[in-house]
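Visitor: quick one: sequence plus predicted model below, questions after.
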Amino acid sequence: MAKSAKPLDSLLSLERLRTLTGHDESLLCAMLAMTLKSNSTDLNAAAALYARADWGELAKSVHRIAGAAQITGARRAEHACRQLETACLQSPPDNIFLANLWSEVSPAVEEINASIADYLEQHSAQ
């Protein structure tokens, strides 16, 4: 396991995902791989939107990430994304508050991505 990667089951509900996939490990790994890919794509898009201060589109982007986090049971990431989504839709936007929320969203999603990648690496070797 990479030093920075936490055990995946400490960040999301592996048991919930196992139930969703009928305890099929290959299906679980496929679902996690798809989650990792979409999280990475959405987080990159969100970072670009944040840099451009495109709050309306950023709200949509973090909404997608929050949905994936909700499905997987990644509560920290879901909560951070939902807060940022709500703040993006405020008028006028509070740039300092948005910056604080972004500083929670990005690391939370990156942490999940690192743990998913580590989990997949461990389980592909078996």
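Guide: On my side now, so go ahead. Please read these numbers as outputs of a predicted model, since none were measured by experiment.
Visitor: name the SS class of the residue in the chain sticking out farthest from the centre, please.
Guide: No residue in the chain sits farther from the centre than Pro92, which is 26.4 Å out by C-alpha atoms, centre = their mean. Secondary structure assignment for Pro92 (DSSP: H, G, I helix; E, B strand; the rest coil): coil.
Visitor: got phi/psi on it?
Guide: Note on Pro92: backbone dihedrals following degrees, to the nearest 10 are phi -80, psi 160.
Visitor: so Leu12: helix, strand or coil?
Guide: Per three-state DSSP, Leu12 ends up coil.
Visitor: quick check: it touching Gly73?
Guide: Yes: using C-beta atoms under 8 Å, Leu12 is in contact with Gly73, at 4.7 Å. (C-beta placed from N, C-alpha, C; glycine too.)
Visitor: more crowded one of these two?
Guide: Neighbours were counted for Leu12 and for Gly73 using other C-beta atoms under 10 Å; Leu12 has more, 25 against 15.
Visitor: alright, calling it a day.
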